[in-house]
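Chemist: here is a sequence with its predicted model. Questions after.
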Amino acid sequence: MARRFDLWGKLRQLACLNPRQDKRRGYGPEVLVGQLLYALCSGGGCLSDSEALNDDRLARQRLGVGKFADQSRVGQWLREQSEESVVALRRLSHEFVTWVWQQADPRRLLHAGQHEVFFDDTQLRSRSNTSRGRRSTTRATWPSPGKSSGSAHPRLVVADG
């Protein structure tokens, strides 16, 4: 679905997601987001799981990389994101989810005659490289049933401390 939507190309075009000074070096946002998505969707729960994808030849091949970023680089990229980049990523996520819903056969979205949507409450934890050994937690959260967040799509809340 990501390829059909051209998700990687759209991520590449969002300059706010790419804080690198030298764009010829390092990993572009499409690789880092793809790495995180692949790790989470395959059962990963921390940044080291995204680095472990280097052992997965098929994952490297699907994302067109010889090697994935290590966990410290992925964490650095996450910390470098701004309010502008988070808003842009949310907008792209909304566009992608809307597009996916349009591709789906409406009959497949029903369970007992009603729409059924399930989200997993995944938590990612990583140790920061500070001398204080602080712990950063990134948690994906969704509105409680019956409460509106103004959007039908997941929201990412990042807490550091």
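Modeler: Received the coordinates, thanks. The model shown is predicted, which means the values in this text are computed figures rather than measured ones. Residues are numbered from 1 along each chain as shown.
Chemist: check which residues of stretch 62-80 are buried.
Modeler: 63, 65, 68-69, 71, 73-75, 77-78 (16 or more other Cβ atoms under 10 Å). For glycine as for every other residue, the C-beta is placed from the backbone atoms N, C-alpha and C.
Chemist: now do the helices in the protein.
Modeler: 2-5, 7-13, 29-41, 47-51, 57-63, 71-79, 83-103 (DSSP state H).
Chemist: can you list the ones you listed in CSV and add mean pLDDT and distance to His111?
Modeler: Below are the helices of the chain laid out as CSV (pLDDT from 0 to 100; distance: least, Cβ to Cβ, whole Å):
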stretch, mean pLDDT, distance to His111
helix 2-5, 92, 25
helix 7-13, 94, 27
helix 29-41, 92, 21
helix 47-51, 92, 30
helix 57-63, 89, 30
helix 71-79, 94, 35
helix 83-103, 93, 15
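Chemist: okay, those in JSON lines with distance to Pro19 next?
Modeler: Putting these into JSON lines (distance: least, Cβ to Cβ, whole Å) gives the following:
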{"stretch": "helix 2-5", "distance to Pro19": "22"}
{"stretch": "helix 7-13", "distance to Pro19": "14"}
{"stretch": "helix 29-41", "distance to Pro19": "9"}
{"stretch": "helix 47-51", "distance to Pro19": "18"}
{"stretch": "helix 57-63", "distance to Pro19": "20"}
{"stretch": "helix 71-79", "distance to Pro19": "8"}
{"stretch": "helix 83-103", "distance to Pro19": "8"}
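Chemist: which one of those helices lies nearest to His115?
Modeler: Nearest to His115, of all the helices of the chain, is helix 83-103, at 10.1 Å by Cβ to Cβ.
Chemist: packing partners of the closest one?
Modeler: helix 2-5, helix 7-13, strand 155-160 (3 or more Cβ pairs under 8 Å, 6 or more residues apart in numbering; DSSP states H and E).
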